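Enquirer: mind looking at a prediction? Sequence and model below.
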There are 4 protein chains.
Amino acid sequence: MILLRPDAGLPERSSVRAALDELQIVVEEARLVDRIAFLVTGGDTSWPADSLARIPGVDKVVPLGHDATLVEATLGQNGQGRTVSVGTASFGGGQVGLIAGPCTVESPDALLQIGRSVRESGAAALRGGAFKVRTSPHSYQGGGPAALSELAAVAREVGLPFFTELNDPRQVEQVVDRMDAIQIGARHMQNFPLLKEAAATGMPILLKRHMAADVKEWLLAAEYILQAGNDQVILCERGIKTADHHVRFMLDVGVIPYLKRRVGLPVVVDPSHAAGDWRLVAPLARAAIAAGADGLLVEVHPRPETTRCDASQALPPGDFDSLAQDVRHLLALDGRELCEPLAGPSSSRNAVGA
Amino acid sequence: MILLRPDAGLPERSSVRAALDELQIVVEEARLVDRIAFLVTGGDTSWPADSLARIPGVDKVVPLGHDATLVEATLGQNGQGRTVSVGTASFGGGQVGLIAGPCTVESPDALLQIGRSVRESGAAALRGGAFKVRTSPHSYQGGGPAALSELAAVAREVGLPFFTELNDPRQVEQVVDRMDAIQIGARHMQNFPLLKEAAATGMPILLKRHMAADVKEWLLAAEYILQAGNDQVILCERGIKTADHHVRFMLDVGVIPYLKRRVGLPVVVDPSHAAGDWRLVAPLARAAIAAGADGLLVEVHPRPETTRCDASQALPPGDFDSLAQDVRHLLALDGRELCEPLAGPSSSRNAVGA
Amino acid sequence: MILLRPDAGLPERSSVRAALDELQIVVEEARLVDRIAFLVTGGDTSWPADSLARIPGVDKVVPLGHDATLVEATLGQNGQGRTVSVGTASFGGGQVGLIAGPCTVESPDALLQIGRSVRESGAAALRGGAFKVRTSPHSYQGGGPAALSELAAVAREVGLPFFTELNDPRQVEQVVDRMDAIQIGARHMQNFPLLKEAAATGMPILLKRHMAADVKEWLLAAEYILQAGNDQVILCERGIKTADHHVRFMLDVGVIPYLKRRVGLPVVVDPSHAAGDWRLVAPLARAAIAAGADGLLVEVHPRPETTRCDASQALPPGDFDSLAQDVRHLLALDGRELCEPLAGPSSSRNAVGA
Amino acid sequence: MILLRPDAGLPERSSVRAALDELQIVVEEARLVDRIAFLVTGGDTSWPADSLARIPGVDKVVPLGHDATLVEATLGQNGQGRTVSVGTASFGGGQVGLIAGPCTVESPDALLQIGRSVRESGAAALRGGAFKVRTSPHSYQGGGPAALSELAAVAREVGLPFFTELNDPRQVEQVVDRMDAIQIGARHMQNFPLLKEAAATGMPILLKRHMAADVKEWLLAAEYILQAGNDQVILCERGIKTADHHVRFMLDVGVIPYLKRRVGLPVVVDPSHAAGDWRLVAPLARAAIAAGADGLLVEVHPRPETTRCDASQALPPGDFDSLAQDVRHLLALDGRELCEPLAGPSSSRNAVGA
């Protein structure tokens, strides 16, 4: 809707019309109380509102449409959401999954121990970092492809699918055959070449929200993936940067019910990065589930003082076990259920193939 | 701890010492790896770090102490919190209370209807505004002392205590004899003359956090009340101002467990002002309880389109009833209980006097 | 403009109309491309958009009007701003004034020395705090009425008017006869009882922007003052709270040209509280003037290590003198001039009375 | 500095020491007033503070060192900064350069016209986008390699070097031989694979600050480039995301003098993206120069209503010419000078080669 200035007379109206004609935009005229408005009804509807607002005589342009049309179309007619599956793990549509593991892959033995422990507690998938995104070049940068292979081997051994982050479009081709799902980190939410490469694999993608992204920016990043033909997207909230420092990031718990009303994609929450302090992880996780989250992404480590990555937020395995119990209790509230692994350890890849 | 510049030699060290002597500050010298530090051990310890940092030769000053000492002392030895009671309603120490009612007092009949309804659902106290704090002078400013009298009469009729906001130190004396508790709104969190007047009544005070206050500022505002000799303080989180707009304010759910570890005062949550949208109120409320909140402050109205205040966030009475059920379920998780009114309606004032 | 849901049929249209009739709102119907809109043209136009949005069948309500009508009306026909005078000092309409002095009134001798020094450098007015607003009850709270009397005496001796902050509506009557202008601090920007009392004096009011206030909230606070019949308002930007810590607050330099296009009130800048570090004060002050500010409010102290208030941001007198020189150079850019005191020291009160 | 808990006794002290030994960290013990601290003096100093804080008995860990050591080492002994040259254009060390041009390359004719115009006004370099980073997949995505070739041809014709943004590590090799400098956009500030590829070219890199990055994160992104052996880095401030909407982003003008005291790299400012409104661009640009910026990056377009990208912030050529005049006046303040192109148009590439 293009609003003319209240004082625009016939000549301005004509010149705005002429400018719109030049841009091949078809409009209808509407008479508001104090001014004329043009409503775009056809022609080239791709012109940005900002451009039209610079036509002399135009006061402002109010977009009435939606931006993330593919993402918004994922919401079912009755408001129900979709399920996205990663191997045996399911998220959304009433299924809630716990993803747990260390920040980074440091030793295969420790990894195996953690993997078995979190599976025992009820985790549906593992997490672990091979290609780390570190603020400082002087910090530990992750183990790279070798670490990813270790992670895949442990996941198979434990019998769970796994999530790991990629951050370079060139990595995708290199390692995609060893992966179950691609995690896109917060800092790469708007790395569109990476999103396109990841989307092209057809693999499930967990898309973290940038710590300064508003909902529109987040959904439009997901829109890039859907536009590339891949709708296996899991949205992951992990906290917003604010002026506060009692938490590392402020978990936007309200975004969960907001998204549930607007899109059909599953929404999981990473309480570990939000809290930045292991003592706050379980309460934040419970809050996320109580607000409707379809899953959790939790960092777990039995001896955090010996890891070089995110030690402050790593939950001890015993606390993760209690948290899983709490989640089961909370899910009873609205009839959802925890997606838990079957009794015996079996390869998630076989499970997928079956 | 006063850190000298790494290149500070003997003369600088002497001149800093002389400056500290002049300010009557007693220090001990400590030799760090690359520099000298002075540790304040006595004398006039009231000098701000900022002032000491301007002494030539000083690099920086790291305060090691705490600011809100009275507030932090409310935490029990074993980490347990205190109960603050407002008439028959209790908050903290395992007791959880629901405070519900309309944004503002508009008609005694509607108020009575809402009051009976929320009591029936399980509310422990009423809320309602008489002296409103409105961003625009052109908005409805509240009914003033007459509205407060109506609110008090309805509360007695219904048999619940009530909370209402004061925003002018001159109001305190005028109306305090008709009140059960004083609510301090977010915008007045640092109105220190008001805090001192309110504190002097000895009445319970619900202190909302400003939408841009960090935890330190909030606790120091509470410290003003405790320093005035009144420790009946309930902290109320109601959302932080951010760049996001899907919620009106972002509920800081992480501050609940953070505060539980640091102070013993009850922490309640106002999901209505955080959400700014009634459809998000119940999920935020559930999240708050799951994270450990000691109570909720909820706006309820049966016909929001007929109220001039906060219509978008008013919860229909039926939804409030469901929410109270959810809260009972959630509290079972950690053995807390909902503080509910006794069966028959009775004056909260009598209850207090008994 | 009230937008119905796109799927609203005749029955919904009738029921919305009936609800609007009940609220005594007169509307015209407009047919947009995909839906019906009602445009409010008369009747009771005081209903908030939020309330109308809760009428069943309404999708959303887009307010088309302005809120701060009195403040916006201060802008001249050709976009020129107004001058507000405080004794001999003028701000706005091409006049730029420097307000300088210590954070707080600690000793009459030091105050007199600073006053003479800043007048010599070109300050048009003094500043100094008597009633301080301190985050902690354990910080120095200011000298109260006695300090205000000292400040007034020194200002008369030096021959400059002065600004000082009030923060309690009860102070206004008590001390207004000794004051030249009332400063409202950032934390009291929305203390509406205080604004009304201050406005009623008819005295010039310097209204600081809260560190989390958006422009609308700030202008609506000014609207309270204008609605009370006092249009002698100077707006003062002092920095916004963000997640950054290299500056204490982030100076919103863009708000200066933005306000110049929207309102006619003078806009001054407080670079001292924004910076929180004396080494950044002069560059911020130059930036403010280059962006069009009508004045500066600067903390100056010759021995900051001996003051208990805001030591880190106090500018040494020599630096203030250089800054005043820079300001004169910058003002040549757009033909504005520095409002400087006349040669001999004379009472500002006499000047006003003359 | 590792602070033990105040109540830590001999056994805790021993066990912390043992844990530090296991991590091969060498410490010295220091006795503070109320507790013991260990100061790290050698061994494996690469352990993050977060990890050490998880050792049982440790209260907190205060890092005393610096993170961005390579970047901080660029500051000269006397605080003077470095000059970074891009062809004939110079930034820093007293040289100030204007970079101007359209948001994106749309037509070679329009581009040539803009290029000649801004050179005439005093621009030292062109800007223009070929690989755009657009929030929505439905927005115009830029002309790609063909657009970059056009931009290079026009730049040669006009006789100015040019800046353009790359956002995919795979682009670097593809197009680097046609470029004069690589611009890294705000959303890719922490795209470390891209930074490393760009750094490896040895070419000057303009590194924009992310709209939510604090100074530490920004400098550490630059540190990645310097660590890869490339110190030809220009920092570019372009505004911070806040809750305010009168400007698109809030220009952090205080970061300019802050950085000048801390690092030697040139700091330029992009007032166009900060403002998001062409009417605010010139005042913000003047503010940036008055605060010490080493250059400006300005979007200029003669007919913004015909461009599909950033129309709202494009400055008309006449306004850019006035702005350049203002910059010359402002630079006289502190003895800096505008780096202007020589009279005749000549290839910037030849100039570099000469």
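Expert: Yep, that arrived.
Enquirer: could you check how far the nearest residue to A:E305 once chain neighbours are set aside is from chain C?
Expert: Leaving aside its sequence neighbours, A:E305 sits nearest to D:R54 (C-beta to C-beta, 6 or more residues apart in numbering or on different chains; 4.2 Å). C-beta: built from backbone N, CA, C; applies to glycine. As judged by C-beta to the nearest C-beta, to the nearest Å, D:R54 and chain C stand 25 Å apart.
Enquirer: neighbours of D:R54, how many?
Expert: Using other C-beta atoms under 10 Å in any protein chain shown, the number of residues around D:R54 comes to 20.
Enquirer: now do A:N78
Expert: 5.
Enquirer: shouldn't A:G143 be in contact with A:T104?
Expert: Yes. Between A:G143 and A:T104 there is a contact at 7.2 Å, judged by C-beta atoms under 8 Å.
Enquirer: helix or strand right after whatever helix or strand A:L206 lives in?
Expert: If you go by DSSP states H and E, A:L206 is part of strand A:205-208. Next in sequence after strand A:205-208, counting helices and strands by DSSP H and E, comes helix A:215-227.
Enquirer: do that following helix and chain B meet?
Expert: Yes. Judged by C-beta under 8 Å from any C-beta of the partner chain, helix A:215-227 and chain B are in contact via A:V215.
Enquirer: outside of that helix itself, list whatever touches it.
Expert: Around helix A:215-227, the neighbours that count as contacts under C-beta atoms under 8 Å, 6 or more residues apart in numbering or on different chains are A:67-72, A:74, A:189-190, A:192, A:195-196, A:198-199, A:205, A:207, A:209-210, A:213, A:231, A:233, A:235, A:255, A:258-259, A:263, A:265, B:244, B:246, D:135-138.
Enquirer: how about the residue in the stretch 51-200 of chain A positioned nearest to chain C: what's its closest non-neighbour residue?
Expert: Closest to chain C within the stretch 51-200 of chain A is A:V62: 7.3 Å, counting by C-beta to the nearest C-beta. Leaving aside its chain neighbours, A:V62 sits nearest to A:M1 (4.6 Å; criterion: C-beta to C-beta, 6+ apart).
Enquirer: number of residues surrounding that neighbour?
Expert: By the measure other C-beta under 10 Å, the count of residues near A:M1 is 20.
Enquirer: and if you look at A:T83?
Expert: 14.
Enquirer: sorry, back to before: looking at the contacts of helix A:215-227, which are in helices?
Expert: Using DSSP state H, A:T69, A:L70, A:V71, A:E72, A:F192, A:L195, A:K196, A:A198, A:A199, A:V255, A:Y258, A:L259 are the members of the contacts of helix A:215-227 that sit in helices.
Enquirer: near chain B, which residues of the stretch 251-354 of chain A show up?
Expert: Listed as neighbours of chain B in the stretch 251-354 of chain A under the rule C-beta under 8 Å from any C-beta: A:251-258, A:261, A:274-275, A:279-280, A:283-284, A:286-292, A:326, A:329-330, A:332-333.
Enquirer: out of those residues, list just those in helices.
Expert: Secondary structure assignment by DSSP H places A:255-258, A:261, A:274-275, A:279-280, A:283-284, A:286-290, A:326, A:329-330 of those in helices.
Enquirer: ok, which of the residues you listed also contact chain C?
Expert: Here nothing survives when those are matched to chain C using C-beta under 8 Å from any C-beta.
Enquirer: buried ones among these?
Expert: Listed as buried from those are A:255-258, A:274-275, A:280, A:283-284, A:286-290, A:326, A:330; burial here means 16 or more other C-beta atoms under 10 Å in any protein chain shown.
Enquirer: in the stretch 1-150 of chain A, which residue sits nearest chain B?
Expert: Proximity of the stretch 1-150 of chain A to chain B (C-beta to the nearest C-beta) peaks at A:G79, 11.3 Å away.
Enquirer: so which bits of the stretch 1-150 of chain A are right by chain C?
Expert: Within reach of chain C by C-beta under 8 Å from any C-beta, the stretch 1-150 of chain A has these residues: A:M1, A:E28, A:A30, A:R31, A:L32, A:V33, A:D34, A:L39, A:T41, A:V62, A:L64.
Enquirer: residues in contact with the first one?
Expert: Residues touching A:M1, when contacts are defined by C-beta under 8 Å, 6+ apart, comprise A:A30, A:A37, A:F38, A:L39, A:V40, A:V61, A:V62, A:P63, A:L64, C:L32.
Enquirer: what's the lowest-pLDDT member of those residues?
Expert: In terms of pLDDT, the lowest of the contacts of A:M1 is A:L64, showing 69.
Enquirer: with chain D as the reference, measure out to the residue nearest to A:V62.
Expert: 17 Å.
Enquirer: mind checking pLDDT for that residue?
Expert: 83.
Enquirer: apart from its chain neighbours, what residue comes closest to the closest residue to chain D within chain A?
Expert: Relative to chain D, the nearest point of chain A is A:A212 (3.1 Å; C-beta to the nearest C-beta). Among residues not flanking A:A212 along the chain, D:A212 sits closest, at 3.1 Å (C-beta to C-beta, 6+ apart).
Enquirer: just A:L235 next, same as before
Expert: Spatial nearest neighbour of A:L235, chain neighbours left out: A:V267 (4.9 Å); criterion: C-beta to C-beta, 6+ apart.
Enquirer: for A:A30, same thing?
Expert: In space, and not counting its chain neighbours, A:A30 is closest to A:A37: 4.7 Å by C-beta to C-beta, 6+ apart.
Enquirer: same deal with A:T45?
Expert: A:I25 (7.3 Å).
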